[in-house]
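1. Predicted model and sequence follow; I will ask about them next.
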Amino acid sequence: MDYVLKTNNLCKYYRNFKALNGLKMNVPKGSIYGFVGKNGAGKTTLIRLLCGLQMPTDGDFELYGVKNTDKKISESRSRIGAIVESPSLFPEMTAEENLKYQYRLLGIPDYKGIPELLELVGLADTGKKKAGNFSLGMRQRLGIAIALCGNQDLLILDEPINGLDPQGIIEIRELILKLNHDRNITFIISSHILDELSRIATHYGFIDNGRIVREISAKELENACRKSLSVNVTDTSALARVLDSMGLEYIISDDINAEIFGRPEISELVFALDKEKCRLVSCTEREETLEGFFISLVGGGSNE
Ligand code: ATP
């Protein structure tokens, strides 16, 4: 697998405080990487190191295969677009003027790409309207357009939907999916709104106290969170025969406990077990949410 970012034992200390403490993180190319952690877990610190605003105390990282200590790291960094906290735009300028300003800043000789960028983020019709009069969602989309002026292909978004109304959330979600799909842009998205993140993320990194406590693909997470039935029976080998004949997936934990995936008809299961001289003693439905999974990893609330 190709990785856009790989960090190795990355550490950032502020005096004795370990904001990043041996962080190991792998962001696959083309992924939408949900970066999940409580307040103060170290997310912004990592973003600052990636963008070159601060230096690591120890450890290193590779961006597009280039080590942070290599001279070529600035070329890799030019592929990053980042929006941290709020998008940096000029409220007294129109969307087009904001993009022209960014083009000049980057030394891009002409403005040919601007109409396409405005179209891409759904701001082609904003005309003379000043960015200061935009809705929060429009400002966020303009921020993304600004972050893409240099053809960046890694976008880091810090809490991109904070404060947005439902329509704004849908627009940002669709824009992220479109950019990921059509332009193969990799995203690292930090968010506390786990339900929303779970609609788009292909991979997750859960950070706690400056360390990645778990990295998992959306597929693996789906398996970890899927609905199941925990059953206690008198004989799990009989249960296995029954479940095989019913075509259900399961995991046998020991002689009397098992986890069944999918939704078996309980009366049918009891009847079939009875034929095998096995008794269903108890059963409990289980379904884990992303939030539950996160809390089980790091404990406490997700937005302290
Ligand atoms: P949030 O979701 O609140 O933005 P975060 O995961 O982005 O949290 P960071 O901003 O990376 O967290 O901060 C990690 C820890 O490092 C926090 O406890 C913070 O107080 C501390 N910290 C950050 N910057 C500094 C600094 N310049 N000096 C001292 N401590 C700092």
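-> Perfect, I can see it now.

2. And the average pLDDT for stretch 65-73 is what?
-> For stretch 65-73, mean pLDDT is 95.

3. who touches that stretch?
-> Contacts with stretch 65-73, where a contact means C-beta atoms under 8 Å, 6 or more residues apart in numbering, come from Leu49, Gly52, Pro56, Asp60, Phe61, Glu62, Leu63, Glu75, Ser76. (Each C-beta comes from the backbone N, C-alpha and C, glycine too.)

4. now do the same end-to-end measure for it.
-> In terms of C-alpha to C-alpha, to the nearest Å, the two terminal residues of stretch 65-73 are separated by 9 Å.

5. go on, stretch 12-23?
-> Counting by C-alpha to C-alpha: the opening and closing residues of stretch 12-23 are 9 Å apart.

6. Show me what counts as buried in that stretch.
-> Neighbour-count burial for stretch 12-23, with 16 or more other C-beta atoms under 10 Å as criterion, is recorded at Lys12, Lys18, Ala19, Leu20, Asn21, Leu23.

7. Now do Ala41 against Phe35, distance only.
-> Relative to Phe35, Ala41 is positioned 9 Å away (criterion: C-beta to C-beta, to the nearest Å).

8. shared neighbours, those two?
-> Joint contacts of Ala41 and Phe35 (C-beta under 8 Å, 6+ apart) are Ile207.

9. Comparing those two, which residue is more hemmed in?
-> Looking at Ala41 and Phe35 with other C-beta atoms under 10 Å, you find the greater number of neighbours at Phe35, namely 27 against 23.

10. Just the contacts of stretch 65-73: which are in strands?
-> Counting by DSSP state E, the members of the contacts of stretch 65-73 that fall within strands are Asp60, Phe61, Glu62, Leu63.

11. can you redo those as CSV with neighbour count and distance to Glu288?
-> Below are the ones in strands among the contacts of stretch 65-73 laid out as CSV (neighbours: other C-beta atoms under 10 Å; distance: C-beta to C-beta, whole Å):
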residue, neighbour count, distance to Glu288
Asp60, 16, 35
Phe61, 22, 31
Glu62, 18, 33
Leu63, 24, 33
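
12. CSV for those, including distance to Arg241?
-> As requested, the ones in strands among the contacts of stretch 65-73 are exported to CSV (distance: C-beta to C-beta, whole Å):
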residue, distance to Arg241
Asp60, 53
Phe61, 51
Glu62, 50
Leu63, 53
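
13. Closest one to the ligand out of those, please.
-> For these, the minimum distance to the ligand (C-beta to the nearest ligand atom) is 15.1 Å, reached by Phe61.

14. hang on, the earlier thing: which of the ones in strands among the contacts of stretch 65-73 come close to the ligand?
-> When C-beta under 6 Å from any ligand atom is applied, no member of the ones in strands among the contacts of stretch 65-73 is adjacent to the ligand.

15. can you tell me which two in these are farthest apart?
-> Taking every pair in the ones in strands among the contacts of stretch 65-73 and measuring C-beta to C-beta, the maximum separation is 10.4 Å, between Asp60 and Leu63.

16. re earlier: could you point out which of the buried residues of stretch 12-23 is nearest to the ligand?
-> Relative to the ligand, and with distances defined as C-beta to the nearest ligand atom, the nearest of the buried residues of stretch 12-23 is Ala19, at 3.4 Å.

17. Is there proximity between the helix or strand where the closest one lies and the ligand?
-> For Ala19, the element it lies in under DSSP states H and E is strand 17-23. Yes - judged by C-beta under 6 Å from any ligand atom, strand 17-23 and the ligand are in contact via Phe17, Ala19.

18. what's the helix or strand following that strand packed up against?
-> As assigned by DSSP H and E, the chain's next helix or strand after strand 17-23 is strand 26-28. Counting by 3 or more C-beta pairs under 8 Å, 6 or more residues apart in numbering; DSSP states H and E, the packing neighbours recorded for strand 26-28 are strand 3-14, strand 186-190, strand 203-208.
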